[in-house]
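**Student:** Sequence plus the predicted model coming up.
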Amino acid sequence: MILVLRALGVGDLATAVPALRGLRAGLPGRELVLAAPAWLAPLVELTGAVDRLLPTTGPHRVGWRGPPPEVAVNLHGRGPESHRALAATGPGRLLAYRNPSAGHLDGPAWDGDEHEVRRWCRLLHAYGLPADPGDLALRRPAPAGVPAGVTVLHAGGKVPAKRWPADRFAGLARTLAARGHRVVLTGSADERALAARVAADAGLPPSAVLAGRTGLAELAALVADARLVVSGDTGVAHLATGYGTASVVLFGPVPAAHWGPPVDRPRHRALGGAQRAGSGRGSAGSGGVGTHPSLDAIGIDEVVAAVAEVERVPGAVAA
């Protein structure tokens, strides 16, 4: 049995898909158990690489009760905490980045300046296992009664510095609607008020606000059949990559080189990033209180131009 730790969020799971599939291919015939939050279950199923989900909220609580796994794999972080949690399960072998403070002298050295997808593929390569960084496609979800062909705008995000100003999302929604896009606003239940404000300022009907009304399975189905996704650096952007849905992702303060869509796929564009820090107008008076300067520097016209570019590219990634 293979026990894998990745107790994080939607984007974190999506970026680990190539590594999960590499483990499946390189260690065939073994049950693959993923320690991750229970609410990720619908997306875990769509990876097609996991046999069983072990509900886990973080490295403190892996909660493995079975016999020692043959192999434990740390796709959660550099340690030492996550290393120690997996080592406590008594695995025959631990695959993880080198961390002397956790007593793990095996494995490659951690590289802080590396794309998240390639980071975990490199870990597997160091142990002689296959992993293709381009293998990001997710299985298509079952029909979920959500609209198809819509343009999804996701204005929220857990980190304030990673949110594009709400007034600009409203201006973008207004512009795209005028150009024939059927715009909807997604988000969590906590972001419903934000999405409703953006919709109202854009002149969209209340029915356009889907924030708080879709579970993860419904959100995946919505993105899979969407015309376009525009979001900050958050989970929905990785769903767009997984389904080959045209997307524009707005970055700051984390650079796109670490978390952005693959640069070799023209249906996905990344704008902003920490490299542009200090180049913008600043967030004062822009509706972007707390917004990182490189993200605040992105104007509506720039996003509209990027939308036009990605929509000129035909085709999609087949799941």
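**Tutor:** Noted; the coordinates are in hand. Since this is a predicted model, take the numbers as computed values, not measurements. Residues are numbered from 1 along each chain as shown.
**Student:** Quick one: end-to-end distance for stretch 197-206.
**Tutor:** 10 Å (CA to CA, to the nearest Å).
**Student:** Ok, stretch 131-147 next?
**Tutor:** 34 Å.
**Student:** so how far is it from its chain's centroid?
**Tutor:** 12 Å (CA atoms, centre = their mean, to the nearest Å).
**Student:** next one: stretch 224-241
**Tutor:** With CA atoms, centre = their mean, you get 9 Å for stretch 224-241.
**Student:** repeat for stretch 88-95
**Tutor:** 28 Å.
**Student:** got it, and stretch 118-127?
**Tutor:** Put simply, stretch 118-127 sits 19 Å off its chain's centre (CA atoms, centre = their mean).
**Student:** And stretch 101-109, by the same measure?
**Tutor:** On CA atoms, centre = their mean, the centre of stretch 101-109 falls 27 Å from that of its chain.
**Student:** Also stretch 83-99?
**Tutor:** The answer for stretch 83-99 is 25 Å, by CA atoms, centre = their mean.
**Student:** Please list the residues outside it that contact it.
**Tutor:** Outside stretch 83-99, the residues that touch it by CB atoms under 8 Å, 6 or more residues apart in numbering are 3, 5, 59-60, 62, 64, 68-74, 78-80, 82, 102-110, 123-124, 127, 129. C-beta: built from backbone N, CA, C; applies to glycine.
**Student:** Now, the residues you listed that are in strands?
**Tutor:** 3, 5, 71-74 (DSSP state E).
**Student:** Out of the contacts of stretch 83-99, list just those in helices.
**Tutor:** 82, 123-124 (DSSP state H).
**Student:** Considering those, which possesses the most neighbours?
**Tutor:** Ser82 (25 neighbours; other CB atoms under 10 Å).
**Student:** Is it correct that it is in contact with Ala72?
**Tutor:** No - with contact defined as CB atoms under 8 Å, Ser82 does not reach Ala72; the gap is 10.2 Å.
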